[in-house]
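[1] The following comprises the amino acid sequence and a computationally predicted model.
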Amino acid sequence: MRRFPFGVLLKITASAVVFSASFVRPIRAENLPISSSRSPIFSTRAPERLTICSQNLANYGLPEEVAQRVTSKKGFSLEEREKLLVRRFQEAECQIIAVQEVFGRTAESARAGLNRLAEILSEMSGKQFVPILGGANKGDVRIGFLVATENLIVERVVSYAGALLPPLEKGEQFQRLSRGPLVLQVRWGKQRLTLIAIHLKSKYGGGRDPYRLQFEMLRMQMAEHLRILVEAHFAENLLRDDEWVIILGDRNSRQESASNRILKGEQSLVDFRGNGSCIVSKAGESVCVGGVAEREPRFDSLLSKRFLEGKPSGTYQFGARFEWIDDILVNRWSLILALMRGETPRSRVVAEPKGASDHALVATTFFRSRDDG
């Protein structure tokens, strides 16, 4: 038994679970479109740069459903927000956009909502964007992608909504993810990109958290699930010289959080069990007194100073405080190879116009050698 500094008890034993790929079996939702790698709407001519973005849409969907969900009379109308969102996408020159908080009371209405945004983006940008929507085990908020159909080939789309979460304690009832990771694999010239979109549990309703950590323990479970997914299903991809593995989306926790350290591979959920060396502080950070279970592959943030343009304060504002809760992480091996080739990724945070969302958009541009035809 381990006692947290502020009196919360966490009973986790080292023998609680033997993890396996069974926790990350995909659930193919009925509303999930799968595009063939030879689909005629995708051309094979690859540009020398590719910009990948992530944006929390702040409860976006069909107008009549959003009007029932968002009761506040303040702020911009949905129609105004749509135009402001597209202005952000155009400002960043996004070609692939991971989106969070696609709202819909049914799979059909959620799909219709994302289709609506794709049509508006296509019309305003003059480029064709295809919507891809993830599944949902329960709840009415999903994640998805908007993908430009020019110069990219969509090879595979898999939703892990409904997969089992690794438990915290021995004998604990298994929980299912309501909005599990959504995996998109695209071909860009000779390179393949495996993009894993995430939306971890928010701090909203944190008073219901039995650990009194604003659901940080649940985010740690979700982060561990994603690590198992990566290690079980994408190990081969991580060792290839011509492939990026990218984790992007709304983490809903600070960069210093325990869940983020698990995502990056700096720690494991094992470190917080039984005789593990770590506990979680009231601020949601890990406090360790010994060695930790570092794991491969390691992931690095592209929103660090080395890759980031300008000096943004964060991606989300809590009162007067800004925090980095949205991120773009890449596997270290591919990043090292890109840096050796002189293909340093460049990242941006786009917070204007303000009315588009309460989250800033984050974007990274990847570069490709000219001889990669």
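    Received it, and whenever you're ready, just let me know what you need.
[2] got the residue ranges for the helices in this structure?
    Applying DSSP state H to the chain gives helices spanning 63-69, 78-92, 107-125, 216-233, 235-238, 258-264, 332-340.
[3] among the helices and strands of this protein, which one scores worst on average pLDDT?
    Taking mean pLDDT, DSSP states H and E as the measure, the chain has strand 9-10 as its least confident helix or strand, at a mean of 28.
[4] State which strand of the chain is the longest.
    The residue-count maximum for a strand in the chain (DSSP state E) belongs to strand 49-60.
[5] that older thread, now mean neighbour count and mean pLDDT too, for the helices of the chain, in JSON lines please.
    All C-beta atoms are positioned from the backbone trio N, CA, C, and that covers glycine. Shown next, in JSON lines, are the helices of the chain (neighbours: other C-beta atoms under 10 Å; pLDDT from 0 to 100):
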{"stretch": "helix 63-69", "mean neighbour count": "14", "mean pLDDT": "89"}
{"stretch": "helix 78-92", "mean neighbour count": "18", "mean pLDDT": "96"}
{"stretch": "helix 107-125", "mean neighbour count": "18", "mean pLDDT": "96"}
{"stretch": "helix 216-233", "mean neighbour count": "23", "mean pLDDT": "92"}
{"stretch": "helix 235-238", "mean neighbour count": "14", "mean pLDDT": "78"}
{"stretch": "helix 258-264", "mean neighbour count": "27", "mean pLDDT": "95"}
{"stretch": "helix 332-340", "mean neighbour count": "16", "mean pLDDT": "93"}
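[6] Please dump those helices into a markdown table; it should also carry distance to Ser178 for every row.
    Listed next are the helices of the chain as a markdown table, based on distance: least, C-beta to C-beta, whole Å:
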| stretch | distance to Ser178 |
| --- | --- |
| helix 63-69 | 16 |
| helix 78-92 | 23 |
| helix 107-125 | 13 |
| helix 216-233 | 10 |
| helix 235-238 | 26 |
| helix 258-264 | 16 |
| helix 332-340 | 30 |
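[7] so which of the ones you listed gets nearest Pro181?
    Closest to Pro181 of the helices of the chain is helix 216-233 (C-beta to C-beta; 5.6 Å).
[8] helices or strands up against the closest one?
    Contacts defined by 3 or more C-beta pairs under 8 Å, 6 or more residues apart in numbering; DSSP states H and E place helix 216-233 against strand 191-199, strand 243-250, helix 258-264, strand 278-280.
[9] What is the end-to-end distance of stretch 94-113?
    Taking C-alpha to C-alpha, to the nearest Å, the first and last residues of stretch 94-113 lie 20 Å apart.
[10] do the same with stretch 89-105
    Across stretch 89-105, first to last residue, C-alpha to C-alpha, it's 26 Å.
[11] From the chain's centroid, how far away is it?
    Relative to the centre of its chain, stretch 89-105 is centred 12 Å away, using C-alpha atoms, centre = their mean, to the nearest Å.
[12] quick thing: my sequence starts at 53, can you match it?
    Okay, using 53 as the starting number, the last item reads as stretch 141-157.
[13] how about it: buried residues?
    Buried residues in stretch 141-157, counted by 16 or more other C-beta atoms under 10 Å: 141, 144, 146-156.
[14] and the helices and strands packed on helix 268-285, which is most packed in?
    helix 310-316 (a mean of 27; mean count of other C-beta atoms under 10 Å).
[15] ok, and what's touching that one?
    252, 268, 271-272, 274-276, 278-279, 299, 303, 305-306, 319-321, 324, 330, 332, 336-338, 350-353, 379, 381 (C-beta atoms under 8 Å, 6 or more residues apart in numbering).
[16] likewise stretch 356-366?
    By C-beta under 8 Å, 6+ apart, the surrounding residues in contact with stretch 356-366 are 354, 374-377, 396-401, 403, 412, 416.
[17] can you do 7 Å?
    With C-beta atoms under 7 Å, 6 or more residues apart in numbering as the test, stretch 356-366 has contacts from 374-376, 396-401, 403.
[18] now the end-to-end length of that stretch.
    Length of stretch 356-366, first residue to last, C-alpha to C-alpha: 11 Å.
[19] hang on, isn't Val401 packed against His411?
    No - with contact defined as C-beta atoms under 7 Å, Val401 and His411 do not form a contacting pair (10.2 Å).
[20] any common contacting residues for the two?
    Common neighbours of Val401 and His411 (C-beta under 7 Å, 6+ apart) are Thr367.
[21] just to revisit the earlier point, what's the closest of the contacts of stretch 356-366 to Asn203?
    For the contacts of stretch 356-366, the nearest to Asn203 is Pro397 (17.8 Å; C-beta to C-beta).
[22] in terms of contact, does that closest one touch Thr416 like I think?
    Yes - contact criterion C-beta under 7 Å: Pro397 and Thr416 qualify, at 5.1 Å.
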